[in-house]
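**Student:** Have a look at this prediction, sequence included:
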Number of protein chains: 2
Amino acid sequence: MTNARRIIIIGCGAGGGTSAQFARKTDRTASITIFEKGKYPQYSKCGLPYAIAGTVPTFHDLIEFSEDWFKKEHIEVHLETSVENIDMQHQRLIAKKGSERIEKEFDSLILATGAIPWIPPIKNIQKNGQLLQGISILRTIDDGEHILSQIKKGRKATIIGAGLIGLEMADTLHTKGMNVTVVEALPAILANTLDEDMSEPVEQVLQQKISILTNHLAIQVKENHGSIAALTIKNNITGEEKKIETDLLIIATGTKPETSLAKTIGCKIGKTHGIQVNGKSETTVKNVYAVGDCTEYKDFVTNEPLCIGLGSIVVRQGIAAGTNAAGGTYSLPPGVLLTRTSEFFGMEIAAVGPVKQEVKNLQLVTGKYKGFSKPEYFPGKDSITMKVGADEETRRIVSAQAVGSNAAQRINTLASAVLSKMTIDEFRKLETAYAPPIAPTLDALTLACDVVALKLTRKRREP
Amino acid sequence: MTNARRIIIIGCGAGGGTSAQFARKTDRTASITIFEKGKYPQYSKCGLPYAIAGTVPTFHDLIEFSEDWFKKEHIEVHLETSVENIDMQHQRLIAKKGSERIEKEFDSLILATGAIPWIPPIKNIQKNGQLLQGISILRTIDDGEHILSQIKKGRKATIIGAGLIGLEMADTLHTKGMNVTVVEALPAILANTLDEDMSEPVEQVLQQKISILTNHLAIQVKENHGSIAALTIKNNITGEEKKIETDLLIIATGTKPETSLAKTIGCKIGKTHGIQVNGKSETTVKNVYAVGDCTEYKDFVTNEPLCIGLGSIVVRQGIAAGTNAAGGTYSLPPGVLLTRTSEFFGMEIAAVGPVKQEVKNLQLVTGKYKGFSKPEYFPGKDSITMKVGADEETRRIVSAQAVGSNAAQRINTLASAVLSKMTIDEFRKLETAYAPPIAPTLDALTLACDVVALKLTRKRREP
């Protein structure tokens, strides 16, 4: 195996692991090495709330590719190993595993360094550089195990951030019998996924089971013998402060890209603070790729740079980086669609494309339709609300949101329309599958588009 | 309301009813009249198996638009009325309702005369021009009521035809406690929906609950006091004959378009024996439209003429005919996708585009993937098998089939790809929605396309 291609990957999350997998598929003889700071090989971070809930029996079940699996694929994985230095001139890096020093040369380097949680500026949240006992982020299996150890039926839990992860955790803690409060600084929940008119009915359902306080900032923690005892929050609008007792505080306010190594080798960092990559997952430095939560790529619709924080995109970037680094060819579409979904308190939500506030470079016209998963006469039908957005000038479909029955699969159909740049006029005539126990003759999928088309026609008539 | 537009519709099924509805939406002052031979206004024919099963409580529940509804919309509906004569020169028709004679002029005429069941040539199936007691087709509420009256737990039922309706009825009769046998002349079940490699696993599941005899022709009925007693079937391959005792025989062997009136006014009839229509639902005769099961339109992929037999398409043709007849503009895509689905014995199946045997004008390359509805580690995941077909030369996606979890909604996503003429290379990079309780990071939707892409690459390499 002399002259075999040498690929080094930093990070063994979904991005790094997938890169390794596709590098191996592309080049059976390449030398592939992964350095990972943490204790575990590739596991599902998105699965953590479900392992805490017990739906997934153990945290160990979240490991998607084991050390043995990588061994069988002749991929060298170094866990609990941090990369100390990258020397681009000699394409060589130095890593440390305990007291051991590893030096290794590469032809291609793939950065999959992920992201670190963003901790909002809350007074007294830390003591000696550590979060107080009872306060946790949710990023790793260790975090998950810590949270699980703090869960006690009947006690109080507070979550900061009403995004997807915050609400998934709210469901988990509620299921575990805790009294849950969610504190959100913005005026509405799920602000990155749904427009307010779509998230409001979701919030109403949630308020029946947990307490959600929107327009509230967390400002101060009260300590009791090293543990959290209460959280002071402040109403953004009235300025009123309120203290809520809490035994467990989970911070789910998003992440920031981990780019320290990338900066040392001169990778261009974008305005979202992620490593700039193109559709081949190449950074601005030759032979260096980057994938996943540490990267910035553009939005397919708005062309604006975006920080990548979705497992589905991370994996696709990994396919591109691994394939290209190993001598193959793989390009992603010119931008990400941000197809996203989640489920909590029995409700499925999904979206594709930007939410309303993010659309600036085009004239968004939206249509909404509330229908059912089956014909009106059929028992057991579930409700589904679809909202579709199109650009007034080009009539292209640019976004969609769904709450209810099979929201995710319905959004996939609209994602396909966004990707192929279909107009509202073409897509609304799509023949959807119909059978009484499965779907109505006309699905909310296209009926929401009829509303958009009608609005566009009326607009055209206006003087 | 002098000089109001006069629209007459013949037939108040889904096609006729929808035409009336959209004519009214388009022109609030038009005079709209429907003549319907049967006893009921627009009801769901596709819902009949579920009303027989009792899932839908009564047959009356299947009525989607009542006489009152039409009255409120100022649409005149004449039930139990047959059109005797159409005089195109004076744009006038004569109908008969019992002894009453109705004469009416029109500006536009919409034919929605539907289809009649095709009864295979089986000896002794009729007596005095009537099917024997215990033998039934399934086309109307009356048929449904007749079948329901014949169902008795522990007795034997035979169904001729293993298409969607045949298997839906097999499920219904099995649920009702009957011993069910399905006789199919073709080598495989569901031949119009799935390729044999996709239908075979479905058949295996069904064989555990009912008896399916493929490659068998029904040739003769044995009578006992005016009722059916047994059916003789013949093996297509060995020629062997076999008599099966049966108390109930349901014929589900398809339909033929009802075009007798259309022929009298010179509408061109296509080679499938349906009335030829274009994307506006216009026939070849001026001011005459046709919709639904009596029509022939072309396949979007093969351009071959097709008889329309899907409720979803019928409704869309109705939208076109009603809108256009009332002075609006509505065009359907240049061909039908045949997006179709059904569910029986707990299995969901769906397809879009032609099955393998129907593809003649292009070089079909298919890929299949069997995956899960959720990540591998997630409990409660269901299986999903997807098969996707592309044209080798253009790499366009032309067909897809699915069996399993959310088959219908997954097929809708591929229907969107077929309609927008996406290539396998574009579509396989579609970002699908991912969340552990809902879908895996890479869905069978696109993984099946990766298989197609791989096959296409290998073919290109071959000498």
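**Tutor:** Received it, and whenever you're ready, just let me know what you need. Numbers count the residues shown, from 1 in each chain, chains lettered A, B, ... in the order given.

**Student:** Now tell me what touches the longest helix along chain A from outside.
**Tutor:** Secondary structure of chain A per DSSP state H: the longest helix is helix A:444-461. Contact with helix A:444-461 is made by A:365-372, A:384-390, A:392, A:395, A:397, A:400, A:402, A:410, A:413-414, A:424-425, A:427-430, A:432, B:412, as judged by C-beta atoms under 8 Å, 6 or more residues apart in numbering or on different chains. Using the backbone N, CA and C atoms, a C-beta is placed for each residue, glycine as well.

**Student:** where does chain A have low pLDDT?
**Tutor:** For chain A, residues meeting the criterion pLDDT under 70 lie at A:1-2, A:462-463.

**Student:** If we go by neighbour counts, what in stretch A:268-283 is buried?
**Tutor:** Residues of stretch A:268-283 classed as buried: A:269-270, A:272, A:274-277, A:279-283 (neighbour count, 16 or more other C-beta atoms under 10 Å in any protein chain shown).

**Student:** right, is that stretch up against chain B?
**Tutor:** No: Stretch A:268-283 lies out of reach of chain B by C-beta under 8 Å from any C-beta of the partner chain, never closer than 9.5 Å.

**Student:** can you tell me the distance between the two ends of that stretch?
**Tutor:** In stretch A:268-283, first residue to last residue: 7 Å (C-alpha to C-alpha, to the nearest Å).

**Student:** What of stretch A:53-67?
**Tutor:** Stretch A:53-67 has an end-to-end distance of 26 Å (C-alpha to C-alpha).

**Student:** What residues sit buried inside that stretch?
**Tutor:** Going by neighbour count (16+ other C-beta under 10 Å), the buried part of stretch A:53-67 is A:53, A:55-56, A:59, A:61-65.

**Student:** Residue B:158 versus residue A:181, what's the distance?
**Tutor:** 62 Å (C-beta to C-beta, to the nearest Å).

**Student:** do residue A:454 as well
**Tutor:** Remark: distance between residue A:454 and residue B:158 (C-beta to C-beta) = 50 Å.

**Student:** same deal with residue A:423?
**Tutor:** From residue A:423 to residue B:158 the distance is 50 Å (C-beta to C-beta).

**Student:** More neighbours: which of these two?
**Tutor:** residue B:158 (28 against 18; other C-beta atoms under 10 Å in any protein chain shown).

**Student:** Helix, strand, or coil at the more buried one?
**Tutor:** Here residue B:158 is strand, with the state taken from DSSP: H, G, I helix; E, B strand; the rest coil.

**Student:** For it, name its beta-bridge partners.
**Tutor:** residue B:181, residue B:249 (DSSP bridges).

**Student:** and the stretch 51-200 of chain A, which residues reach chain B?
**Tutor:** Counting by C-beta under 8 Å from any C-beta, the residues of the stretch 51-200 of chain A that sit close to chain B are A:55-57, A:61-62, A:64, A:164.

**Student:** Cross those against helices and list the overlap.
**Tutor:** Per DSSP H, those map to helices at residue A:164.

**Student:** Quick one: name the residues of the stretch 351-463 of chain A near chain B.
**Tutor:** So the stretch 351-463 of chain A meets chain B at A:352, A:375-379, A:406, A:408-417, A:419-420, A:422, A:426-427, A:429-439, A:441-443, A:445 (C-beta under 8 Å from any C-beta).

**Student:** Filter the residues you listed down to the buried ones, ChimeraX style.
**Tutor:** Buried members of these, defined by 16+ other C-beta under 10 Å, are picked up in ChimeraX with:
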select /A:352,375,377,378,406,408,409,410,411,412,413,414,415,416,417,419,420,422,426,427,429,430,431,432,433,434,435,436,437,438,439,441,442,443,445
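
**Student:** Just the residues of the stretch 351-463 of chain A next to chain B: which are in strands?
**Tutor:** Using DSSP state E, residue A:352 are the members of those that sit in strands.

**Student:** Closest approach to chain B from the stretch 101-250 of chain A, which residue is it?
**Tutor:** Residue nearest to chain B within the stretch 101-250 of chain A: residue A:164 (7.8 Å; C-beta to the nearest C-beta).

**Student:** need the contact list for that residue.
**Tutor:** Neighbours of residue A:164 in contact, by C-beta under 8 Å, 6+ apart: A:190, A:192-193, A:340, A:342, B:435.

**Student:** Could you report the separation of residue A:370 from chain B?
**Tutor:** Taking C-beta to the nearest C-beta, to the nearest Å as the measure, residue A:370 falls 18 Å from chain B.

**Student:** Verify the stated contact: that residue with residue A:382.
**Tutor:** No: applying C-beta atoms under 8 Å, one finds residue A:370 not in contact with residue A:382, separated by 11.6 Å.

**Student:** Which parts of the stretch 351-463 of chain A are helices?
**Tutor:** Secondary structure of the stretch 351-463 of chain A (DSSP state H, counting those that start in this stretch): helices located at A:407-419, A:424-427, A:444-461.

**Student:** Distance-wise, check the residue nearest in space to the middle of chain A relative to chain B.
**Tutor:** Nearest to the mean C-alpha position of chain A, by C-alpha atoms, centre = their mean, lies residue A:310 at 3.1 Å. Relative to chain B, residue A:310 is positioned 7 Å away (C-beta to the nearest C-beta).
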